[in-house]
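>>> Got a sequence here, can you build the structure:
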Amino acid sequence: MAEPKHKITYHPMQAAIWENERQDQQTGQIFKTYSCTLSKSYKDKNGNYVDMKIECFEEQLLIIAELAKSAYRSIQATKMAAAKKRKAERDANDQDRKTGFQPDDDGDIPPIGDDIPF
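The predicted structure is shown next:
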């Protein structure tokens, strides 16, 4: 079995770069192409090692990189929005505690009493 030309590992992921020889059908000239296998190893629920792999050509690598970057940014934006929402809810609850405001069950402001000067 052929060995990859180069391996790059950022545990638990790995890229194996493959060099392939092809022949131009019109000229008969031999030329080299490159491909890549991206893989991730993990243990399944039974404790067995599993390799997830994706095979791609050289020209697809930048697309995969941009896709991964966009997915990462989307996840971070989603997490940031959720954190801001939780903070706003905590701040509102803190403000309610400071002012003594507690809405009743239907969301209305509870009556203060009959001593309102109208």
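>>> Flag the shaky bits of the chain, pLDDT-wise.
Applying pLDDT under 70 to the chain flags residues 1, 96-118.
>>> So which residues of it form helices?
Using DSSP state H, the helices found in the chain span residues 61-99.
>>> I'd like the distance between the most centrally placed residue in it and Glu66.
The centre of the chain sits closest to Tyr72, judged by Cα atoms, centre = their mean, with a distance of 4.1 Å. Tyr72 sits 11 Å away from Glu66, going by Cβ to Cβ, to the nearest Å. The way it works is simple: take the backbone N, C-alpha and C, and place the C-beta from them, glycine included.
>>> which parts of stretch 7-21 are buried?
For stretch 7-21, the neighbour count (16 or more other Cβ atoms under 10 Å) marks Gln14, Ala15, Ala16, Trp18 as buried.
>>> now those in a markdown table, with distance to Ile54?
Below are the buried residues of stretch 7-21 laid out as a markdown table (distance: Cβ to Cβ, whole Å):
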| residue | distance to Ile54 |
| --- | --- |
| Gln14 | 12 |
| Ala15 | 10 |
| Ala16 | 11 |
| Trp18 | 13 |
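>>> Determine which two of the residues you listed are furthest apart.
Gln14 and Trp18 (12.9 Å; Cβ to Cβ).
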